[in-house]
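1. Just a sequence and a predicted model for now, questions to come.
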Amino acid sequence: MANVKNVGLVVGREWSFPPAFIEAVNSRDAGVVASLAKFGGEHMDGAMDYDVLVDRISHEVPMYRTVLKHAVLQGTTVINNPFMWSADDKFFGASLITKLGVVSPKTVVLPNKEYIPGIIPGESLRNLKYPLDWDDIVQWVGLPCILKDAHGGGWKEVYVCDTKAELIHHYDHSGMLTMIVQEFIKWDEFVRCICLGQEEILPIKYDPKERKYRTDRDFLGPVLGPRVEKDARTIVKALGYDMNSIEFAIRDGVPYAIDFMNPAPDFDINSLTPQYFNWAVEHMSDLVIRLAKDPRTITKSLGWDAMFTASRAK
């Protein structure tokens, strides 16, 4: 087939989404072919074989992230933008959405508890305020509070702390992670939104205690539902993510965006349920076919063209 567009899927141990997604794209007969992407021994001036790359694992495989940055320079559309994903963290996100008018829990970033051997605290950390004013932190954030990794996901390194002593204990065992302390929102409803293409938003009732989705599409009602979708769309547009999930804790009718750095969201059929899994597969297929045929150049959309070509400017 002439002028076939190639979509590459960058994926880890997932078993349900990859074959369903590849089959869905290929079955459209739209002049777009999807397959598992293959990397290795890439040349610095080498072209990429893919028009679109869908990244679901580079946060755990650093070499993939490096290749995906290279792919952006070569004109490939990468989902998600590897430069933004590399730069993103939960404290920056909380600051950003607050500026955008989306409600966020009160959030404080903490210094790392431990550092690499070359860091000598008395000499290397002269810009650091120390000791921490734990009383001030607890008074502002409140108790209970949440301590979590500023770069983490998948509910890893997340602690609910009922006392200041408990907060300090978990912080003291956080190693070289950068941790944030966040206001605990005692929620009436909990929502996880799947966000695709910066436009398609699917709010899903979620039970964080049992880690289960509930298939109730109308649980938010006619007022709160549009508000959650609007806030989710505001966040993904600001971050530039085409594939993300955002969690809202609803308290007294107000949606608090408590987690929105999930650029490789859970697409497993067993946890997502077949109903929402099929939605994700269908809309991801629509997205990659559209971007393969009508590319959105990341460097241009972010205003980075000048940065990446400055050394060649005459």
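-> Arrived safely.

2. Flag every buried residue along stretch 42-54.
-> Met48, Tyr50, Asp51, Val52, Leu53, Val54 (16 or more other Cβ atoms under 10 Å). No exception for glycine: its C-beta is placed from N, CA and C like everyone else's.

3. Let's see which of those residues end up in strands.
-> Those of the buried residues of stretch 42-54 mapping onto strands are Val52, Leu53, Val54, per DSSP state E.

4. For Ser124, see how far away the last one is.
-> With distances taken as Cβ to Cβ, to the nearest Å, Val54 is found 40 Å from Ser124.

5. what's the answer for the second one, then?
-> According to Cβ to Cβ, Leu53 stands 38 Å off from Ser124.

6. One more: Asp216?
-> 52 Å.

7. More neighbours: which of these two?
-> A count of neighbours by other Cβ atoms under 10 Å puts Ser124 above the other of Asp216 and Ser124, at 12 against 9.

8. isn't the more buried one right next to Ile116, touching?
-> No - the pair Ser124 / Ile116 is not scored as a contact, 9.7 Å apart, by Cβ atoms under 8 Å.

9. Now Asn80: closest residue in space that isn't a chain neighbour?
-> Pro263 (4.3 Å; Cβ to Cβ, 6 or more residues apart in numbering).

10. ok, the one you found touching Tyr241?
-> Yes - at 5.4 Å, Pro263 counts as touching Tyr241 under the criterion of Cβ under 8 Å.

11. which residues do those two both contact?
-> Common neighbours of Pro263 and Tyr241, using Cβ atoms under 8 Å, 6 or more residues apart in numbering, are Asn80.

12. Please report the distance of Lys5 from His169.
-> In terms of Cβ to Cβ, Lys5 sits 53 Å off from His169.

13. higher neighbour count, the two?
-> Applying other Cβ under 10 Å to Lys5 and His169 shows that Lys5 carries more neighbours, namely 19 against 13.

14. Below-threshold pLDDT in the stretch 201-314 of the chain: ranges please.
-> Applying pLDDT under 70 to the stretch 201-314 of the chain picks out residues 297-314.
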